[in-house]
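Give me a model of this one.
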Amino acid sequence: MSFDTIRPIVSGIIGAVIAGWLFTQWARWVPAKVGAKGRERLLNEHRRTIRVANALAFSGILIGLLSYWSGWLSRNDWRGLGLGAGLMALLPIAYMAVTCAARGPEAIKECLITYAISQKTPTGLLFGLMALMIIAGVISAVSLFP
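Now for the predicted structure:
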């Protein structure tokens with residue numbers, strides 16, 4: 001058995017170890033509460049909103065994939081990936097903002113922080129990455145229409 005045969009297994013194990021370590025390091029930066037509301041109460045109050053937001057994120061990436069499957073974009077065109085990533089980030093944020101807008105800006109903030117809690121990701125990291133994904137989506141969308 002040569003090293004080339006087991007190299008993917010070794011790199012997968014190393015990646016899993018690094019991901020586990022990052023998860024434990026990030027856990028301390030994930031918010032535990034918003035105002036007087038604790039993690040469990042927030043997750044219970046926003047359960048449906050988070051489920052719909054996750055479904056919208058999934059549908060966003062599916063739209064990007066459909067651009068390849070339908071033949072609209074060629075296999076090696078980067079714009080489908082950018083469009084899917086942008087929609088994957090934009091749709092959940094837009095949905096949560098619109099859903100909670102009637103209760104004011106504090107409710108929007110609470111909902112977005114609860115989304116970060118549900119993803120077990122620090123808010124700055126999650127929304128920073130989502131902002132980059134939205135920018136990639138906008139660039140992809142603009143480049144599709146000459």
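
what's the distance between the residue most central in space within the chain and A116?
Note on the chain: the residue nearest the mean C-alpha position is A89, at 5.4 Å, using C-alpha atoms, centre = their mean. Distance check for A89 against A116: by C-beta to C-beta, to the nearest Å, it reads 13 Å. In short, each C-beta sits where N, CA and C put it, glycine included.

got it, and E40?
Applying C-beta to C-beta, one obtains 15 Å for the distance of E40 from A116.

Those two: which is more packed in?
Using other C-beta atoms under 10 Å, the more surrounded residue of E40 and A116 is A116, with 19 against 10.

Correct me if wrong: the more buried one contacts W29.
No: with contacts counted by C-beta atoms under 8 Å, A116 stays clear of W29, the gap being 9.8 Å.

Now the common contact residues for these two.
Residues within reach of A116 and of W29 at once, by C-beta atoms under 8 Å, 6 or more residues apart in numbering, are P122.

Quick check: closest non-adjacent residue to Q119.
Nearest-residue entry for Q119: L126, 5.9 Å, with adjacent residues in sequence omitted and distances by C-beta to C-beta, 6 or more residues apart in numbering.

Okay, and the one you found sits in which element?
For L126, the host element (DSSP states H and E) is helix 123-144.

average model confidence for that helix?
On average, the pLDDT along helix 123-144 is 93.

ok, residues contacting that helix?
For helix 123-144, contacts defined as C-beta under 8 Å, 6+ apart pick out 26, 29, 31, 78-90, 93, 112-113, 115-116, 119.
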